[in-house]
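Student: Below is the structure, and that's it, no one-letter string:
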C-alpha cells in the first residue's frame, strides 16, 4: 500500500548521495520452468513463473546477512535507489534501505521481489499464458500470501541463502513475513512485522470487496479481457481512492486538508473538485491507473482477504508453534486499517509460544501509511533490532 | 443513513400493536408555488417545491407539542407505522415513535418531511422541471442543509406551529436540527442531535466523494440524464457499499461477520461472493438501488459535504450565539464517521455560549448506525429530555 508521492525525499537520498544505494539494476529469474510446476494453495499448478527482484549490498561469505523486504499491496521490487540517474524519485522505501540507513547496505544484503500475481515483472494476470499466447486475465489462478512466499523461497535458495537474517514488511508485506516464519521456520532468523495482522478483518475485507466491485463494474473491465484495449481505469481509480482513505487517518486528513477548498475561495455548487481532499483523491486515483494493472489489484486484494495465519492449523496459537524466529512487531497508533489490537493479538500468541518478541506501538497521526514515512522511532527501533539479531546470529552460527 | 433492514421489529410494533401508530397516510404540500420562489444558498431560485411529509399524534390546542424528526442520508418521511396493514416493515424509526415510545404520540405531535433534493416525494433532481417538462437531472440546483430547513420551516408554519418543542435527528438529521436552532432560533425550544457534527470532516467528505465518483463513472449515469432509461445502479450500489462500511464499526463487523464464509465451508478461489461480509454488502447495494435515485445521492451527499454550521459566521462560536434552544447531544462510542470528539467540539461551543446542554456518549459497538437501533439508554435519555423540555415549555408558556 505504498503511496509513493508521500515519501519525502531528503537530499541525502539523491542518486549520488552518500546514503543512497545509487543506480540499481532490476533483475528477473525463472523461479519455475516447465515441466516443473508450482502447486498453489487453490490446487492449480502454475508454470512458468518469472520473479522480478532487486538486491542491494553484498551477501557476505557466511551468507548470513540477507534481509528480505516484502512490499505491500501496490508496491514492487524497487525498494531503494534509482533505475536511471535522472529518475525523479527513488524506490518506495529508500528511507530505510541504504548506507547508514536502518537496513544498512554496508552490512546487509537486501532483497526484494515483486509478488506473484503482481504487474511489475513477476508472473501475474497480465502475463502471457503459454497455452494460449494471450494474457491470462481471469484464467490466472487465485494466489495466496503463501504462494507468494513459496516463489520467494525459490529465489532465496537460488541466491544461495539458507537462512534469512530478517524478513521485513509492512501491511501485506508484514503478512508475507509472518507466513515465512510459519512456512519455513528454519529459514528465518527474525521477522519484522509492521502495521500488519495475522488475519484480515471483516472491515478490511469489506473495503477490498468494494474496490473489486468498482473495477468489475467498469465496462472496460470485460471479465478481465481488456489487455491491448481500453483499461478499466475509472473502476481502478475508485478502488484506489477507497484504499487511500483507509491508509490515512481522520486526524491526518484533517491536518492535511481539513475543509479547505481547492483553487477557490468559496463553494462552487457543482460536482467538480471543490475540496482539497477531493482533489487529492482524484489525483491518487488517476496516477495509480497509469502504473498498476486492474486484474493484479483484484488478485492481490483477494490474497489479502484470504490471509489468515491460522489457515491449515487449528488456531493461530498452533500455527505459531512452528516459529523459530525472533520477532519485532510494530503498530502505529492512528492506523485504523490494521489497528494496534491486531498486532497485540499476534504478540500475545507469539509470547504464549515462547517466541522472543519485541512489541512497540509508535504514536503517530499518519495512520496506516506511517510505516512508509520518515519516522525516527521506527528507524531507531529497526536499526537496534537488526543489530541485535545480526550479532546474535553471528554468535550462534560462526561463519562457515 | 437509515439501514432499514437493521431495525429490529418487535412484536409490539405490529400494525395493530398497542405501541404502533398503526396505518399512516403520506401527505404532500406545495411549499413553494409560482410565482413565489425559494432562494437557495447557491443563489438560484427554485419553484415549485412540493414537500412530502407524515404526521403522527395530534397537535394540542396550545400548539406547543410538535416534534420535527429529521431523516438521514437515505431516509424519508415515513418514520413510524405502516402505509398498508400488510406492510412487512414499519417506518425507519418506529422504535422511537409511537404510543409509549420516547417520541410518545399520546403526548406529542410528530412531523417528518422528506428533504429537498430527495427522491421520496419532495422536489429533487428526479422531479419534473416545469420549464422543460423533463426531469431536472443535473440542472437541479445544488441544495444545502439550510435549504432543506427553509422548506421545512414553511411546512411547520403551514401546520400552524410557531415554535417546535424539539427538532431531533441523527447524522444528517442532526445537521438539520442544528441548522434549525441557528437559522430560526425563536422557532425551536430544544434540539436533540444524535451521532452528528457541526461540520463534515475531510474523511467523511472523502468517502462521499468516492461514492459520487462511482455513480458518475457508471456509463448509465449519462451526466444525470438516465430517467426512463437504465439507471446507474452499479455505481449507486458501490456508493452504498462504501457508506455501509462507514455506518458499522470494525467491532460490529467482526461480531456480525468475522471471517465467516457464505454458504460454503472452504475458500472458493474465485471472485464471487465468499465471505459473509461480501454477501451483506452486495445485498445492501442491490436493495438500495431499487429504492433510491442516484442523482439524489449526489445532491444529498454534497449537501452533507457543504455543511458547516459556521458558514456565514466567523466561527462556530459566533453561529451559536443566536441559539435560544436547549440541547441534548448524544454520540456513540464506536461511531468513527461522526466520532465523539466532534460532538464534544459542538458541546463546548454551546456551553461557551451559555446554552443549556446535556451531553452523553453511549457505549455501543454498533458504530454510526447505533442511533437507528434499539438502545435502552438512548430511549431513556430522549424520553427524559423530552419530558423535561415539555414541562419546561408548558411552564413558561401556558396554553393560550
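Tutor: Alright, I've got the coordinates. Nothing here was measured: the structure is a model prediction, and the numbers come from that model.

Student: use CA for all of it now, contacts and neighbours both
Tutor: OK.

Student: Around chain B, pick out the residues from chain A.
Tutor: A:42, A:141-142, A:200-203, A:205-207, A:209-210, A:213-214, A:217-219, A:234-235, A:238, A:241-242, A:245, A:249-250, A:253-254, A:257-259, A:267, A:269-271, A:277-278, A:281, A:302, A:306 (Cα under 8 Å from any Cα of the partner chain).

Student: swap the cut-off to 6 Å and go again
Tutor: For chain A, the contact set with chain B under Cα under 6 Å from any Cα of the partner chain comprises A:142, A:202-203, A:250, A:253-254, A:258-259, A:269.

Student: With secondary structure, pLDDT and neighbour count added, can I get those residues in CSV?
Tutor: Converted to CSV, these look like this (DSSP: H, G, I helix; E, B strand; the rest coil; pLDDT from 0 to 100; neighbours: other Cα atoms under 10 Å in any protein chain shown):
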residue, secondary structure, pLDDT, neighbour count
A:142, coil, 98, 24
A:202, helix, 97, 27
A:203, helix, 98, 24
A:250, helix, 96, 24
A:253, helix, 97, 21
A:254, helix, 97, 15
A:258, coil, 97, 19
A:259, coil, 96, 22
A:269, coil, 94, 18
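
Student: Residues in contact with stretch A:366-385: which ones?
Tutor: Residues outside stretch A:366-385 that contact it (Cα atoms under 6 Å, 6 or more residues apart in numbering or on different chains): A:7, A:102, A:247-249, A:252, A:334-335.

Student: closest to chain B among those?
Tutor: Distance to chain B, by Cα to the nearest Cα, is smallest for residue A:249 among the contacts of stretch A:366-385, at 7.8 Å.

Student: Now do the contacts for that closest one.
Tutor: Applying Cα under 6 Å, 6+ apart, the residues near residue A:249 are residue A:367.

Student: pLDDT at it, what is it?
Tutor: Residue A:249 carries a pLDDT value of 97.

Student: Could you list the low-confidence segments of the stretch 301-400 of chain A?
Tutor: Along the stretch 301-400 of chain A, the model assigns pLDDT under 70 to residues A:393-400.

Student: all strands of it, in order?
Tutor: Applying DSSP state E, counting those that start in this stretch to the stretch 301-400 of chain A gives strands spanning A:326-332, A:357-362.

Student: will you turn those into TSV that also has mean neighbour count?
Tutor: Listed next are the strands of the stretch 301-400 of chain A as TSV, based on neighbours: other Cα atoms under 10 Å in any protein chain shown:
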stretch	mean neighbour count
strand A:326-332	24
strand A:357-362	17
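
Student: In CSV, list those along with distance to residue B:176.
Tutor: Compiled in CSV, the strands of the stretch 301-400 of chain A are given as follows (distance: least, Cα to Cα, whole Å):
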stretch, distance to residue B:176
strand A:326-332, 36
strand A:357-362, 39
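
Student: related to what we said a few turns ago, could you list which of the contacts of stretch A:366-385 belong to helices?
Tutor: Among those, the ones falling in helices (DSSP state H) are A:247, A:252.

Student: Make TSV from the contacts of stretch A:366-385 and add distance to residue A:366 to it.
Tutor: Shown next, in TSV, are these (distance: Cα to Cα, whole Å):
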residue	distance to residue A:366
A:7	12
A:102	20
A:247	8
A:248	6
A:249	6
A:252	6
A:334	6
A:335	7
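
Student: For the nearest residue to residue A:64 once chain neighbours are set aside, give me the backbone phi and psi.
Tutor: Spatially, and ignoring its direct neighbours in sequence, residue A:64 is nearest to residue A:165 (6.1 Å; Cα to Cα, 6 or more residues apart in numbering or on different chains). Per-residue torsions, residue A:165: phi -60, psi -40 (degrees, to the nearest 10).

Student: Now do the same contact list for the residue nearest to residue A:214 when sequence neighbours are not counted.
Tutor: Closest residue to residue A:214 apart from its sequence neighbours, by Cα to Cα, 6+ apart: residue A:235 at 4.7 Å. By Cα under 6 Å, 6+ apart, the residues touching residue A:235 are A:214-215, A:218.

Student: which residues does the residue of the stretch 51-200 of chain A found nearest chain B contact?
Tutor: Of all residues in the stretch 51-200 of chain A, the one sitting closest to chain B is residue A:142 (5.6 Å; Cα to the nearest Cα). Listed by Cα under 6 Å, 6+ apart, the contact set of residue A:142 reads residue B:269.

Student: go with 8 Å
Tutor: A:42, A:299, A:302-303, B:269-270 (Cα atoms under 8 Å, 6 or more residues apart in numbering or on different chains).

Student: Residue A:239 too?
Tutor: Here residue A:239 is in contact with A:208, A:210-212, A:214-215, A:285 (Cα under 8 Å, 6+ apart).

Student: how much space is there between it and residue A:85?
Tutor: 33 Å (Cα to Cα, to the nearest Å).

Student: Quick check: phi and psi at residue A:168.
Tutor: According to degrees, to the nearest 10, residue A:168 has phi -130, psi 140.

Student: show me where chain A has strands.
Tutor: Secondary structure of chain A, counting by DSSP state E: strands at A:27-32, A:38-39, A:45-46, A:49-56, A:66-70, A:109-113, A:128-129, A:134-135, A:166-170, A:190-194, A:326-332, A:357-362.

Student: Partner strands of the fifth one and their direction?
Tutor: In the sheet containing strand A:66-70, the strands it pairs with under DSSP bridges are strand A:109-113 (parallel), strand A:166-170 (parallel).

Student: could those be laid out in CSV, adding mean pLDDT?
Tutor: Written out in CSV, the entries for those read as follows (pLDDT from 0 to 100):
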stretch, mean pLDDT
strand A:109-113, 98
strand A:166-170, 98
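
Student: Longest helix of chain A, counting residues only.
Tutor: Identified as the longest helix of chain A according to DSSP H is helix A:376-396.

Student: Report the inter-axis angle for it versus strand A:66-70.
Tutor: 140 degrees (axes from the mean of the first three to the mean of the last three Cα atoms, to 10 degrees).

Student: okay but residue A:240 is in contact with residue A:283, surely?
Tutor: No. With contact defined as Cα atoms under 8 Å, residue A:240 does not count as touching residue A:283 (10.3 Å).

Student: Around residue A:265, how many other residues sit close by?
Tutor: Other residues near residue A:265 come to 9 when the count uses other Cα atoms under 10 Å in any protein chain shown.

Student: In contact with it: list those residues for me.
Tutor: Applying Cα under 8 Å, 6+ apart, no residues contact residue A:265.

Student: Relative to residue A:281, how far out is it?
Tutor: In terms of Cα to Cα, residue A:265 sits 20 Å off from residue A:281.

Student: give me the low-pLDDT residue ranges for the stretch 1-150 of chain A?
Tutor: In the stretch 1-150 of chain A, residues with pLDDT under 70: A:1-14.

Student: can you map out the helices along it?
Tutor: Ranges of helices within the stretch 1-150 of chain A are A:145-158, based on DSSP state H, counting those that start in this stretch.

Student: wait, residue A:15 sits on residue A:83?
Tutor: No. Using Cα under 8 Å, residue A:15 makes no contact with residue A:83, being 9.5 Å away.

Student: what about those two, which has more around it?
Tutor: residue A:15 (24 against 17).

Student: And residue A:240 and residue A:283? Which one has more around it.
Tutor: Between residue A:240 and residue A:283, residue A:240 has the larger neighbour count (other Cα under 10 Å), namely 28 against 13.

Student: got the contact list for that one?
Tutor: Residues in contact with residue A:240, defined by Cα under 8 Å, 6+ apart, are A:211, A:284-285, A:288.
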